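**Student:** got a structure for you, letters missing:
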């Protein structure tokens, strides 16, 4: 079977540094009719389980540990038996949302995850948060960027655990080297491509931001 990408939008709140904001999150599923992988279990475990639709869920991958990207992860894991994967540098953020509940496995830079005959390579892209990752699937011509890169620019860096020069360095070193036609599937909002975002990003880099 040919692997495909499925998309679900869930709604809830993002909370950090004493503030709370209403947000819509993109949940991405990669798989075929038998197996599937979930990227960012946001807000609604029941809705995500419905999208899994009885397939074997091989992993729940967290691009980072802001609450709006992980709040449904333990419940989805409980419902499906799938492991939760998170970069270890995100543990402090994870513990703010799920104290006493640990992720099942660690993500590492360069690690390759496989589902439905497709490989997704973990790219450590800190800046929005210390252990943020993107998942590059060359066979599908796409990269899942979480909150590292959006249509229109980099992810936010104005709150705790974030740093603007770091996220710009991550984008420069890990994402702008991808083929320009690579589709960028983000944590919030619309998709874009590396080529569409490159000019503005390269301008920021050139100006030393």
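**Tutor:** Noted; the coordinates are in hand. Since we're looking at a predicted model, the values are computed, not measured.
**Student:** and the worst-scoring helix or strand of the chain on mean pLDDT, what does it pack onto?
**Tutor:** Lowest on mean pLDDT, DSSP states H and E among the helices and strands of the chain sits helix 194-206, with a mean of 89. The elements that helix 194-206 packs onto, with contact taken as 3 or more CB pairs under 8 Å, 6 or more residues apart in numbering; DSSP states H and E, are strand 153-154, helix 164-170. C-beta here means a position set from N, CA and C on the backbone, and glycine is covered the same way.
**Student:** Name all residues that make contact with residue 131.
**Tutor:** Going by CB atoms under 8 Å, 6 or more residues apart in numbering, residue 131 touches 64-65, 86-91, 107, 124.
**Student:** try residue 184
**Tutor:** Contacts of residue 184 (CB under 8 Å, 6+ apart): 142-143, 145, 149-151, 175, 191-194, 197.
**Student:** ok, what's across the strand from it?
**Tutor:** Per DSSP bridges, the residues bridged to residue 184 are residue 143, residue 192.
**Student:** Can you list the buried residues in the least confident helix or strand of the chain?
**Tutor:** Neighbour counts using 16 or more other CB atoms under 10 Å place 194, 197-198, 201 of helix 194-206 among the buried residues.
**Student:** quick one: which of the residues you listed is nearest residue 57?
**Tutor:** Proximity of the buried residues of helix 194-206 to residue 57 was ranked by CB to CB; the top entry is residue 194 with 28.6 Å.
**Student:** thinking the closest one is in contact with residue 174, fair?
**Tutor:** No. Checked against CB atoms under 8 Å, the pair residue 194 and residue 174 is beyond contact range at 10.9 Å.
**Student:** Pretty sure residue 189 sits in a strand.
**Tutor:** No. Under DSSP: H, G, I helix; E, B strand; the rest coil, residue 189 sits outside any strand and is assigned coil.
**Student:** Just confirm it contacts residue 147, I think it does.
**Tutor:** No. Here residue 189 does not reach residue 147: they are 10.2 Å apart, not a contact under CB under 8 Å.
**Student:** More neighbours: which of those two?
**Tutor:** In terms of neighbours (other CB atoms under 10 Å), residue 147 is the more surrounded of residue 189 and residue 147; the figures are 27 against 13.
**Student:** Next, give phi and psi for that one.
**Tutor:** The phi/psi pair for residue 147 (degrees, to the nearest 10) reads phi -110, psi 20.
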